[in-house]
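Novice: Sequence and predicted structure, then a few things I'm wondering about:
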Amino acid sequence: MSSLCVSVAITALLVSSVPLAVYAQEVPERRPVQPLFGAPDPRGESEGGLSVTGSLFGSYDDNILLSSQGSTTRPPTLPGFGLGGTLRGAAVGYDSSVFFKLPTEQPTFEAAVTSTGRYFPEFQEYVAGRQMAEASSSVSAEPWRDTTLRLTGSGRYSLNAPPFATAASLSETDVDLPFAGDGIPLRRTNDLRGAAELEREWGGDKTITVLGGIHSSQIDGGSRHEIYELGGRFGARVARYGAFRAGYVRQDVDRGLGHYVVHHLNIGGDYAKPLSASRRAFIAFSGGSAAVESRDSFRMSAIGDVDFWYEFKQSWIGSVRYHRGITFIDEVVDPLMSDAVSGELAGLLSPRLDFNASATFSRGVVGFEDRGSYQMYGTRSQLRYALSRVMALYGEYLLFHYQFPPTILITGGLPPSTSRQAVKVGLTVSSKLLDLGPRN
């Protein structure tokens with residue numbers, strides 16, 4: 001995907017079990033970076049409606065086969081390819097998406113369908129990449145005075161889902177490895193999420209919230225991985241630009257082959273103060289502990305988050321985040337105790353030329369016993385030149401790497417490590433097919 005909003009919005013390093021509600025904070029609304037391409041119609045255009053985006057591109061990848069040194073896999077259509085080798089190749093392809101959004105504040109509803117595919121002339125091979133449909137909705141009401149009930153839900157279904165896609169903090173189509181070696185097929189996945197919050201205002205500057213949620217995912221018809229959570233949080237405004245937060249959440253995690261109970265205790269705050277009329281900075285921090293129980297095993301770990309966001313020169317946004325916590329990913333049964341750093345930078349080099357980049361690095365240990373450390377990192381950068389408000393040229397660079405100890409079981413027959421670099425240049429077109437009018 002070449003859209004700026006994709007790279008700016010995707011910041012999670014792993015499919016995390018950490019309850020985001022614990023770290024909820026009042027982040028000042030970002031003034032959006034507004035390149036010419038994709039900007040609202042100056043004649044007036046609402047957020048609601050039906051829009052479509054399509055791209056044609058050429059790409060070169062230095063590893064289009066999911067394998068590593070010593071791997072015994074080979075592309076099924078290339079029997080002469082050497083075992084354990086690296087398969088490089090150029091391709092032409094397409095990305096497309098259709099997006100729908102209701103113009104109402106209550107309820108909200110969004111849905112999208114995306115598709116990608118590539119043709120490799122050297123191998124005379126067409127490979128269908130990720131095909132995905134997803135939807136989300138939310139609604140809120142005030143059942144009593146000073147009390148708000150919020151309900152949210154989302155679902156996603158994917159064909160040809162690449163491994164560790166969300167773990168790379170990059171567009172999921174970008175980490176698609178087109179050739180899957182013998183025994184490592186690209187997979188069908190589905191993901192369902194739901195959450196409820198009941199928030200009560202107290203004294204005008206304090207809030208008490210009770211929350212619950214469920215997350216259920218499945219890969220290729222296997223057993224479902226489910227996470228249930230229940231807890232609460234307290235928030236108070238302690239200064240004009242500062243706030244205090246505290247929360248506790250208990251999670252019940254069913255991984256099929258393993259069952260875990262996770263206790264999250266969190267205390268923190270945030271501070272946001274404009275530095276000038278054109279510069280705004282925001283910092284949020286939290287710390288606490290997470291205890292993981294599984295049968296006769298128990299592990300207590302310190303957890304924490306630090307977020308820094310900075311807006312400057314009216315069109316530039318930069319952010320850095322550090323996260324330490326307990327996480328789960330679908331490819332590994334055991335929990336991961338991880339330290340992660342991520343960053344983003346986006347802005348305008350000229351009215352027609354915009355730049356955005358993101359980078360992530362994660363390192364940690366797997367399970368209750370120290371069986372070696374894992375690491376995962378990735379980076380993505382893009383330059384985009386607007387030919388008009390609906391058409392642009394773009395170029396991208398991608399780097400992705402993961403490495404797990406050989407003693408760790410990775411589902412689906414995936415190798416313990418792999419690396420990939422890719423470049424892509426293309427033309428993208430975006431248009432709103434149906435405008436549903438202004439928001440209510």
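Specialist: Done, it's in.

Novice: Remind me what the host helix or strand of Ser115 packs against, helices and strands.
Specialist: Following DSSP states H and E, one finds Ser115 within strand 108-120. For strand 108-120, the elements it packs on are strand 89-101, strand 125-141, judged by 3 or more Cβ pairs under 8 Å, 6 or more residues apart in numbering; DSSP states H and E. C-beta coordinates here come from the backbone N, C-alpha and C atoms, glycine included.

Novice: Quick check: which of the ones you listed is buried the most?
Specialist: strand 89-101 (a mean of 18; mean count of other Cβ atoms under 10 Å).

Novice: Just want the angle from that strand to strand 108-120.
Specialist: Taking axes from the mean of the first three to the mean of the last three Cα atoms, to 10 degrees, strand 89-101 and strand 108-120 form an angle of 160 degrees between their directions.

Novice: which regions of the stretch 201-350 of the chain sit below the pLDDT cut-off?
Specialist: Scanning the stretch 201-350 of the chain for pLDDT under 70 picks out the ranges 221, 273-279.

Novice: repeat that with 80
Specialist: Residues of the stretch 201-350 of the chain meeting the criterion pLDDT under 80: 204, 219-223, 240-241, 255-258, 270-280, 295-297, 313-314, 328-333.

Novice: That one: helices as residue ranges?
Specialist: Assigned by DSSP state H, counting those that start in this stretch, the stretch 201-350 of the chain shows no helices.

Novice: still on that earlier bit, can you list contacts of the strand holding Ser115?
Specialist: Outside strand 108-120, the residues that touch it by Cβ atoms under 8 Å, 6 or more residues apart in numbering are 1, 59, 64, 89-102, 125-139, 173, 176, 178.

Novice: picking that back up, and the helices and strands packed on strand 108-120, which one averages the lowest pLDDT?
Specialist: Per-stretch mean pLDDT for the helices and strands packed on strand 108-120 is lowest at strand 125-141 (a mean of 88).

Novice: gap between that strand and the chain center?
Specialist: Distance of strand 125-141 from the chain centroid (Cα atoms, centre = their mean, to the nearest Å) equals 13 Å.

Novice: which element follows it toward the C-terminus?
Specialist: Taking DSSP H and E, what comes next after strand 125-141 is strand 147-161.

Novice: Tell me which residues of that following strand come out buried.
Specialist: Thr148, Thr152, Gly153, Ser154, Gly155, Arg156, Tyr157, Ser158, Asn160, Ala161 (16 or more other Cβ atoms under 10 Å).

Novice: so which of the residues you listed comes closest to Ser217?
Specialist: Using Cβ to Cβ, Arg156 comes nearest to Ser217 of these, at 9.1 Å.

Novice: With Leu102 as the reference, measure out to the closest residue to that closest one other than its chain neighbours.
Specialist: Of all residues not flanking Arg156 in the chain, Glu134 sits nearest, at 4.0 Å (Cβ to Cβ, 6 or more residues apart in numbering). From Glu134 across to Leu102, the span is 15 Å (Cβ to Cβ, to the nearest Å).

Novice: next one: Tyr377
Specialist: According to Cβ to Cβ, Tyr377 and Leu102 sit 38 Å apart.

Novice: which of those two has more neighbours?
Specialist: Higher neighbour count among Tyr377 and Leu102: Tyr377, with 21 against 18, using other Cβ atoms under 10 Å.
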